[in-house]
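Participant: A predicted structure for the sequence below; I have some questions about it.
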Amino acid sequence: MSDRPMRFGVLGPLVVRTEGGNARLGGTKQRLVLAALLLAGGRPVSTDKLVDTLWPERPPRSAVANLHTYVSGLRSCLPPVPDGHRVRRHADGYSISLLPGELDLQVFEELLDESARRKAAGRPGDAESRIAEALALWRGEPLEDLPPSPLWQAEAARLVERWLEAVEERCALRLSAGRHAENIAELRSLLVRHPLREGLWQQLMLALHAGGRQA
């Protein structure tokens with residue numbers, strides 16, 4: 001995901017990699033807390049939202065105390081940042097401290113933004129390379145190993161949409177470079193999973209036409 005010693009991954013199963021290997025993140029609820037904080041990208045998440053994530057139907061009376069326990073567990077398994085704990089307490093909630101390049105989600109979006117700038121500068125080869133780097137960060141559906149949560153449902157859908165747009169853009173860059181054959185197998189595979197995606201169908205038809213397969 002990056003060359004940093006700490007790497008947080010949400011573009012697939014939740015993972016935290018340290019210099020010593022994957023961090024032991026505890027049980028499902030502790031992992032849910034971490035996922036919610038990571039998707040917020042360093043912004044505070046309120047105690048109420050975290051409680052709703054952990055107990056979407058009926059939280060126990062000890063919900064807030066239990067949340068504090070899960071946060072304490074995260075602090076013990078995540079190396080601190082130079083100025084304190086990774087997970088920080090606020091007046092009404094918590095946040096996680098992230099350094100540049102540590103979270104795959106943020107790196108993914110930065111690479112796509114850089115790709116757009118290089119395309120605008122007339123450097124399509126570099127633009128395609130940046131998209132390839134961004135797509136390589138994906139290991140599956142966002143947080144696919146955790147129970148779905150209303151807290152991040154919309155964000156997960158936005159990320160999948162941006163991933164699809166990136167795939168379509170890479171196909172367009174390949175096509176403009178005359179490499180249409182590279183698109184056909186990939187697009188057919190993607191259309192099995194996303195049969196209603198018009199952009200993928202359009203790219204497939206363009207690739208087939210460019211390859212002399214008009215029928």
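Facilitator: Received, thanks.
Participant: can you pull the buried residues of stretch 40-56?
Facilitator: Buried positions in stretch 40-56, judged by neighbour count with 16 or more other C-beta atoms under 10 Å: 40, 44-45, 47, 49-54. C-beta coordinates here come from the backbone N, C-alpha and C atoms, glycine included.
Participant: scratch that, stretch 86-96 is what I was asking about
Facilitator: By neighbour count, with 16+ other C-beta under 10 Å as the criterion, the buried positions of stretch 86-96 are 86-88, 93-96.
Participant: could you do stretch 159-176 as well?
Facilitator: Applying a neighbour-count criterion of 16+ other C-beta under 10 Å, one finds 159, 163-164, 166-175 buried in stretch 159-176.
Participant: list the contacts for Glu168?
Facilitator: Contacts were defined as C-beta atoms under 8 Å, 6 or more residues apart in numbering; by that measure Glu168 touches 199-200, 203.
Participant: can you pick the most crowded of those?
Facilitator: For the contacts of Glu168, neighbours were counted using other C-beta atoms under 10 Å, and Gln203 has the most, 26 neighbours in all.
Participant: quick one: contacts of stretch 126-145?
Facilitator: By C-beta under 8 Å, 6+ apart, the list of residues contacting stretch 126-145 reads 1, 9-15, 35, 39, 104, 107-109, 111-112, 114-116, 118-119, 152, 155-156, 159-160, 163, 166-167, 169-170, 173-174, 177.
Participant: quick one: buried ones out of the residues you listed?
Facilitator: With neighbours counted using 16+ other C-beta under 10 Å, these contain these buried positions: 1, 9-12, 14-15, 35, 39, 104, 107-109, 111-112, 114-115, 118-119, 152, 155-156, 159, 163, 166-167, 169-170, 173-174.
Participant: so which of these are in strands?
Facilitator: Among the buried ones among the contacts of stretch 126-145, the residues falling in strands (DSSP state E) are 9, 15.
Participant: looking at the buried ones among the contacts of stretch 126-145, which are in helices?
Facilitator: Of the positions in these, 35, 39, 104, 107-109, 111-112, 114-115, 118-119, 152, 155-156, 159, 163, 166-167, 169-170, 173-174 sit in helices, assigned by DSSP state H.
Participant: backbone dihedrals for Leu200, please?
Facilitator: Summarising the backbone geometry of Leu200 under the convention degrees, to the nearest 10, its torsions are phi -70, psi -40.
Participant: didn't it look like it was pressed against Leu191?
Facilitator: Yes: taking C-beta atoms under 8 Å as the contact criterion, Leu200 and Leu191 are neighbours in contact, 5.4 Å apart.
Participant: re the thing from before, show me which of the buried residues of stretch 40-56 is closest to Pro82.
Facilitator: Taking C-beta to C-beta as the measure, Pro82 lies nearest Pro44 of those, at 20.0 Å.
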